[in-house]
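In: Sharing a model prediction with you, sequence too.
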Amino acid sequence: MTIQNDLKKQIYECECQQCKAIVWLMEQCGAHFVFSRLHPGRLCEIAVVAAAGEVGLPKEHVVAERRKYAEHLQATLSGPTSDSDEPVHIEWAISNSNHNPDASERIHLGRAYATFSDGRYRILTECEDA
């Protein structure tokens, strides 16, 4: 497979848990993501939550992990949404994924879905090798 986007190529070639989580969401669950070094907030936040697995990521850790992962990707988090001090992307994914037909600006998680319980965000799946 030839990958034209350099960020997507970097993610596919990386062995860290967050990159592997994004590849798995796309390959096994049918998720769709935008790969942009200028606006990576959504991708980064979904990656860090997905990498946490069923245990989930505590709410108070999401923003720091998003920022750390963006640095790993050499991507820029800027602006009030991409670099928010709140976990806005995963919150949006909970109510505005492809599973909600009335959602606007959907986050397409394929057969995966975002949840929040017990102070932790999770991306749960009905995908292979979950």
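Out: Now that the structure is in, tell me what you want to look at. Residues are numbered from 1 along each chain as shown.

In: Please enumerate the helices of this structure.
Out: 6-13, 17-29, 41-51, 59-72, 88-95 (DSSP state H).

In: Need the winner for burial among the ones you listed.
Out: helix 41-51 (a mean of 26; mean count of other CB atoms under 10 Å). Where C-beta positions appear, they are placed from N, C-alpha and C, glycine not excepted.

In: Show me what that helix is packed up against.
Out: Packing partners of helix 41-51 (3 or more CB pairs under 8 Å, 6 or more residues apart in numbering; DSSP states H and E): helix 17-29, helix 59-72, helix 88-95, strand 112-117, strand 120-125.

In: Mind checking the ones you listed for the one nearest to Thr81?
Out: Judged by CB to CB, the one of the helices and strands packed on helix 41-51 that comes nearest to Thr81 is helix 88-95, at 6.1 Å.

In: Pipe the helices of the chain into TSV and attach mean pLDDT and distance to Leu124 per row.
Out: Converted to TSV, these look like this (pLDDT from 0 to 100; distance: least, CB to CB, whole Å):
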stretch	mean pLDDT	distance to Leu124
helix 6-13	95	21
helix 17-29	96	10
helix 41-51	97	10
helix 59-72	97	16
helix 88-95	95	11
